[in-house]
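Q: With the input below, show me the fold.
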Amino acid sequence: DAGFEATVKPMKASVLKEPTRRPQTLDFEVLGMMCGSCATTVERAAKAAGAVPVEKVDVNLLAETATVLLSEHMEPEALEAGAKALAEAIEDAGFEATLRP
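A: Alright, predicted model coming up:
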């Protein structure tokens, strides 16, 4: 006994019943990036698209990829539409973007 007292508060039923969901990500192959500025442009285009709730965008210049971490869970149909819109936004910024499986 270290001399401290601990108590456990009961959890709300809604917290116990809510399933834990894995964060959703969208992975793109992005061709045409030549420098860090290109990678920044891809990141900004993905964040500004508004197609999906973006928490974070990781662009890997050498691997020619962009991974978009979503801040909210999306249903499959909405996720597919959002992925297409993200690819279009990246392409509008001057790069070739393809959703990776």
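Q: Now do stretch 83-92, average pLDDT.
A: The pLDDT scores in stretch 83-92 average 96.
Q: Go ahead and name everything in contact with that stretch.
A: 26, 28, 30, 42, 45-46, 48-49, 51-52, 66, 68, 97-99 (Cβ atoms under 8 Å, 6 or more residues apart in numbering). No exception for glycine: its C-beta is placed from N, CA and C like everyone else's.
Q: Can you give me the buried ones in it?
A: Using 16 or more other Cβ atoms under 10 Å as the test for burial, stretch 83-92 gives 83, 86-87, 89-90.
Q: from the contacts of stretch 83-92, which single one is nearest residue 74?
A: Nearest to residue 74, judged by Cβ to Cβ, of the contacts of stretch 83-92 is residue 52 at 6.5 Å.
Q: my guess is that closest one meets residue 68, correct?
A: Yes: using Cβ atoms under 8 Å as the test, residue 52 is close enough to residue 68 to be in contact (6.9 Å).
Q: Neighbour count: those two, which is higher?
A: residue 68 (26 against 22; other Cβ atoms under 10 Å).
Q: three-state assignment of that one?
A: The three-state assignment at residue 68 reads strand, by DSSP: H, G, I helix; E, B strand; the rest coil.
Q: and it, what is it in contact with?
A: Residue 68 makes contact with 25-28, 46, 52, 54, 56-57, 86 under the criterion Cβ under 8 Å, 6+ apart.
Q: Could you do residue 30 as well?
A: Going by Cβ under 8 Å, 6+ apart, the list of residues near residue 30 reads 42, 59, 64-66, 90, 95-97.
Q: same thing but 6 Å
A: By Cβ atoms under 6 Å, 6 or more residues apart in numbering, the contact set of residue 30 is 42, 64, 66, 95, 97.
Q: mind checking how far stretch 35-53 is from the chain centre?
A: Its chain's C-alpha centre and that of stretch 35-53 lie 11 Å apart, by Cα atoms, centre = their mean, to the nearest Å.
Q: Quick check: next helix or strand after the helix or strand bottoming out on mean pLDDT in the chain?
A: Using mean pLDDT, DSSP states H and E, the weakest-scoring helix or strand in the chain turns out to be helix 13-17, at a mean of 50. Later in the chain than helix 13-17, the nearest helix or strand by DSSP states H and E is strand 25-31.
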